[in-house]
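Q: Have a look; sequence and predicted model below, questions after that.
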Amino acid sequence: QVQLVESGGGLVQSGGSLRLSCAASGGIFTINAVSWHRQAPGFERELVAGISSDGRTNYASSVEGRFTISRDNAKNMVYLQMNSLEPEDTAVYYCSMNIKRHTAALSYVYWGQGTQVTVSS
């Protein structure tokens, strides 16, 4: 059973920083693309940042230059460094990974449970 566990969320003042982490476990053979998404109350879930297996990154225009996604393949971890946070960044943040398990023929997308980020003005 694959599990993704996010951590690092919390309350921060506008202009502050947070670093989110996401740890994957459970019979993992390989992790392909990974990404961070967020969902604010009353809004649809949106892509924040993504990183491919070979390290190519992409970002939502709203976070470009402020957020940095990275991964540690040896530890099955993905991170999101968030700087210059704004109240508009307030949301539940979810990590997502495309994972192939040792016992599976195909890879599947798995999601974490989410971590709350609140930015006060």
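A: Good, I have the coordinates.

Q: Show me the beta-bridge partners of the residue nearest to the spatial centre of the chain.
A: For the chain, the residue sitting closest to the mean C-alpha position, by C-alpha atoms, centre = their mean, is W36 at 2.9 Å. On the basis of DSSP bridges, W36 is bridged to A49, C95.

Q: swap in Y108?
A: For Y108, the beta-bridge partners under DSSP bridges are I99.

Q: Identify the residues contacting it.
A: Contact analysis of Y108 by C-beta atoms under 8 Å, 6 or more residues apart in numbering lists V2, N98, I99, K100. Where you see a C-beta, it was placed from the backbone N, CA and C, and this is true even at glycine.

Q: Between all of the residues you listed, which two are separated the most?
A: Greatest spacing in the contacts of Y108, by C-beta to C-beta: V2 and N98 (10.9 Å).

Q: intersection of neighbour lists for the two?
A: The contact sets of V2 and N98 overlap at Y108, Y110 (C-beta under 8 Å, 6+ apart).

Q: out of the contacts of Y108, who's nearest V48?
A: Distance to V48 across the contacts of Y108 (C-beta to C-beta) is lowest for N98, with 16.3 Å.

Q: Need the nearest residue in space to that closest one, chain neighbours excluded.
A: Spatially, and ignoring its direct neighbours in sequence, N98 is nearest to N32 (4.0 Å; C-beta to C-beta, 6 or more residues apart in numbering).

Q: so where does that neighbour fall, helix or strand?
A: Here N32 sits within strand 28-39, counting by DSSP states H and E.

Q: Please spell out which residues along that strand are buried.
A: The neighbour-count check on strand 28-39 (16 or more other C-beta atoms under 10 Å) flags I31, A33, V34, S35, W36, H37, R38 as buried.

Q: for stretch 64-78, same thing?
A: For stretch 64-78, the neighbour count (16+ other C-beta under 10 Å) marks F67, T68, I69, R71, N76, M77, V78 as buried.
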